[in-house]
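Q: can't give you the sequence, but here's the structure:
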């Protein structure tokens, strides 16, 4: 081994130098990571295609829920069950101008008019149940026409209201023949 050369001077950093380095590292960390947030827990904006999955995976869902939208579907409210009051849905909503349709007893498309809430016309009311089903609807907005099945399958974007009616009827027939699924 060779002996280390003798150094005259100091052998450590001063307290002031250490504080300056810590301050610089903290500043770089703050500037670099302050805008980065975890997107994992933040729900996506409500759209006709992700409506059921977003609500059933939200923290407000506990097995049953009712979604209610007013003001041309700009504002939505959610309640956990029939005994609870509606709470404002605070996440993004992309349902502006949505019209909801159902089939009547004669298999004719009819626009839903569920009533009023907070003195505003309700444009969408959808129920979610413990068995995983939801209100079957056909939705129409500026982005397109969507069929939301009650039980089986995923929501679909389709070309026309007539095609949505055909899907509704075929889905209803599949539910009536439920023995085919077992």
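A: Received, thanks. None of these values were measured; they are calculated from a predicted model. Numbers count the residues shown, from 1 in each chain.
Q: please verify my assumption that residue 152 contacts residue 167.
A: No: Residue 152 is not in contact with residue 167 according to CB atoms under 8 Å; the separation is 11.5 Å. For every residue, glycine as well, the C-beta is placed using N, CA and C.
Q: the two: which is more packed in?
A: residue 167 (17 against 12; other CB atoms under 10 Å).
Q: contacting residues for that one?
A: 147, 149, 156, 158 (CB atoms under 8 Å, 6 or more residues apart in numbering).
Q: any idea which element it lies in?
A: Applying DSSP states H and E as the criterion places residue 167 in helix 161-176.
Q: and that helix, how far from the chain's centre?
A: On the basis of CA atoms, centre = their mean, to the nearest Å, helix 161-176 sits 25 Å off its chain's mean C-alpha point.
Q: in it, what counts as buried?
A: Using 16 or more other CB atoms under 10 Å as the test for burial, helix 161-176 gives 164, 165, 167, 168, 171, 172.
Q: what distance do you get for the first one to residue 20?
A: The span separating residue 164 from residue 20 equals 66 Å under the rule CB to CB, to the nearest Å.
Q: repeat for the last one
A: Noted for residue 172: a distance of 72 Å to residue 20, by CB to CB.
Q: returning to that earlier point: TSV for the contacts of residue 167, including pLDDT and neighbour count?
A: Formatted as TSV, those follow (pLDDT from 0 to 100; neighbours: other CB atoms under 10 Å):
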residue	pLDDT	neighbour count
147	93	24
149	91	21
156	92	15
158	93	16
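Q: over to the residue nearest the centre of the chain: give its phi and psi.
A: The chain has residue 54 as the residue nearest its centroid, 3.3 Å off, counting by CA atoms, centre = their mean. The phi/psi pair for residue 54 (degrees, to the nearest 10) reads phi -70, psi -40.
Q: next one: it from residue 67, what distance?
A: 10 Å.
Q: ok, now residue 153?
A: Counting by CB to CB, the separation of residue 153 from residue 67 is 19 Å.
Q: buried sites along the top strand by length along the chain?
A: For the chain, the strand with the greatest residue count under DSSP state E is strand 120-128. For strand 120-128, the neighbour count (16+ other CB under 10 Å) marks 122, 123, 124, 125, 126, 128 as buried.
Q: over to stretch 133-144?
A: In stretch 133-144, counting by 16+ other CB under 10 Å, buried: 134, 135, 136, 137, 138, 139, 140, 141, 143.
Q: give me the phi and psi angles of residue 100.
A: Dihedral angles (degrees, to the nearest 10) for residue 100: phi -110, psi 140.
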